[in-house]
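*Asks:* Next come a sequence and a model predicted from it.
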Amino acid sequence: MSSVRVLVGTRKGAFILTADGKRDEWTIDGPFFGGWEIYHIKGSPADPNRIYASQTSGWFGQVIQRSDDGGKTWEPVSNRFEYDGVPGTHQWYDGTQHPWGFTRVWHLEPSLTDPDTVYAGVEDAALFRSTDGGQSWHELSGLRSDSSGHLWQPGAGGMCLHTILLDPERPGRIFVAISAAGAFRSDDGGETWRPINRGLRSEYIPDPEAEVGHCVHRIALHPSHPQVLFMQKHWDVMRSDDAGESWYEVSGNLPSDFGFPIAVHAHEPETVYVVPIKSDQEHFPPEGKLRVYRSRTGGHQWEPLTNGLPQRDCYVNVLREAMAVDALDPCGIYFGTTGGQVYMSADAGDTWQPIVRDLPAVLSVEVQTLP
């Protein structure tokens, strides 16, 4: 029987939650790196034993941790990110040289086929790749030079590259999202890039329909339909049917179209999940009711999923990295909150239960389905 490993990054360490295919009894291990912010922790699709973690500290900086035994033991593999072979500096957007105020790695995306290749999205926004298991990192600098990097601005959380999607059908195609810049696509393995934001509209920027400058919170795709993208934007849930060439709104009957995470069902490419929050100023569920919303129509109609979730006096948030799905049947849905709860549904969202409570604030949730 298959099993599930849930990787949870928090403000004060990483936790690993495991269960068999029934998903009714869980083992909680951790904290790993207690006291450190773990912005993202994710396993390799090519090797179930390989896991990467982004470890951040105001005192000691940024370290990439790697496990080769499913999270039992860890090794710090690198804190060296290079631009043109020079650690700690990069070419600024105006073409001059400035010290690199490197803040953190927001997102780690292991290759679909090679456990030693992994991508990193960082703040200030840039994309890096390692081909030696995280020991060294080199910037894919075409992203900034080819896609109007001088127009990028920080969102409330910083100017971060927070989403990386790899197209399983086109090995050279990569999608990224940056706050506050928008979505971008490369079709040649990261050498060249272009913005893919046509159809986005943001009333809070000087040109609401600008090519660059939109605050995208998260994008998602289904591996069997990678040309279909779903986006949770700073206001608006959006959809593209042509790999980002154009977007249209699918917020439908949501109580609020502001939120952070968005996820797609493992077996149903038209089933999508979001967690609305009240507004860009009030980061908590509308009416104090924690509701996941599911659309079985690709975003055109939405239904609230509430069974097992608190429906009064709930004021937690669910961050952009903190929602994921497993590959079992029925599909499992998982999310973590800033209140330290990790909820799961073993029936595609119909009913929910907490796996664990009282963790530090949850920053990311990723899932590995194991043989």
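*Replies:* The structure has been received and is ready for your questions. This structure is a prediction, so every number in the text was calculated from the model and none was measured.
*Asks:* what residue is smack in the middle of this structure?
*Replies:* The centre of the chain sits closest to residue 321, judged by C-alpha atoms, centre = their mean, with a distance of 3.7 Å.
*Asks:* Dihedrals phi and psi, that one?
*Replies:* Residue 321 adopts backbone torsions of phi -90, psi 0, taken as degrees, to the nearest 10.
*Asks:* Next up, the contacts around it.
*Replies:* Applying C-beta atoms under 8 Å, 6 or more residues apart in numbering to residue 321 gives the contacts 9, 39, 40, 106, 107, 162, 218, 261, 363, 364, 365, 366. Using the backbone N, CA and C atoms, a C-beta is placed for each residue, glycine as well.
*Asks:* Which of those has the largest number of neighbours?
*Replies:* Ranked by neighbour count (other C-beta atoms under 10 Å), these have residue 9 at the top, with 31 neighbours.
*Asks:* what packs against the helix or strand containing it?
*Replies:* With elements delineated by DSSP states H and E, residue 9 resides in strand 3-10, which encompasses its position. For strand 3-10, the packing partners by 3 or more C-beta pairs under 8 Å, 6 or more residues apart in numbering; DSSP states H and E come out as strand 13-20, strand 37-44, strand 47-57, strand 333-336, strand 342-345, strand 362-370.
*Asks:* Take the ones you listed and write them to JSON lines, including mean pLDDT and distance to residue 226.
*Replies:* Putting the helices and strands packed on strand 3-10 into JSON lines (pLDDT from 0 to 100; distance: least, C-beta to C-beta, whole Å) gives the following:
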{"stretch": "strand 13-20", "mean pLDDT": "97", "distance to residue 226": "28"}
{"stretch": "strand 37-44", "mean pLDDT": "97", "distance to residue 226": "18"}
{"stretch": "strand 47-57", "mean pLDDT": "94", "distance to residue 226": "22"}
{"stretch": "strand 333-336", "mean pLDDT": "98", "distance to residue 226": "20"}
{"stretch": "strand 342-345", "mean pLDDT": "98", "distance to residue 226": "25"}
{"stretch": "strand 362-370", "mean pLDDT": "97", "distance to residue 226": "19"}
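*Asks:* where are the low-confidence patches of the stretch 51-200 of the chain?
*Replies:* Within the stretch 51-200 of the chain, the ranges that satisfy pLDDT under 70 run 79-102, 147.
*Asks:* just the helices in it please.
*Replies:* Ranges of helices within the stretch 51-200 of the chain are 142-146, based on DSSP state H, counting those that start in this stretch.
*Asks:* What segments of the stretch 201-350 of the chain are strands?
*Replies:* If DSSP state E, counting those that start in this stretch is used as the criterion, the strands of the stretch 201-350 of the chain fall at 216-222, 225-233, 237-240, 248-249, 258-264, 272-277, 292-295, 303-305, 323-325, 333-336, 342-345.
*Asks:* what is the mean pLDDT for the fourth one?
*Replies:* Yep, that's strand 248-249 we're talking about. Model confidence over strand 248-249 averages 98 on the pLDDT scale.
*Asks:* Partner strands of that strand, with direction?
*Replies:* For strand 248-249, sheet partners with direction are given as strand 237-240 (antiparallel), following DSSP bridges.
*Asks:* Figure out how far the partner strand is from the centre of its chain.
*Replies:* 16 Å (C-alpha atoms, centre = their mean, to the nearest Å).
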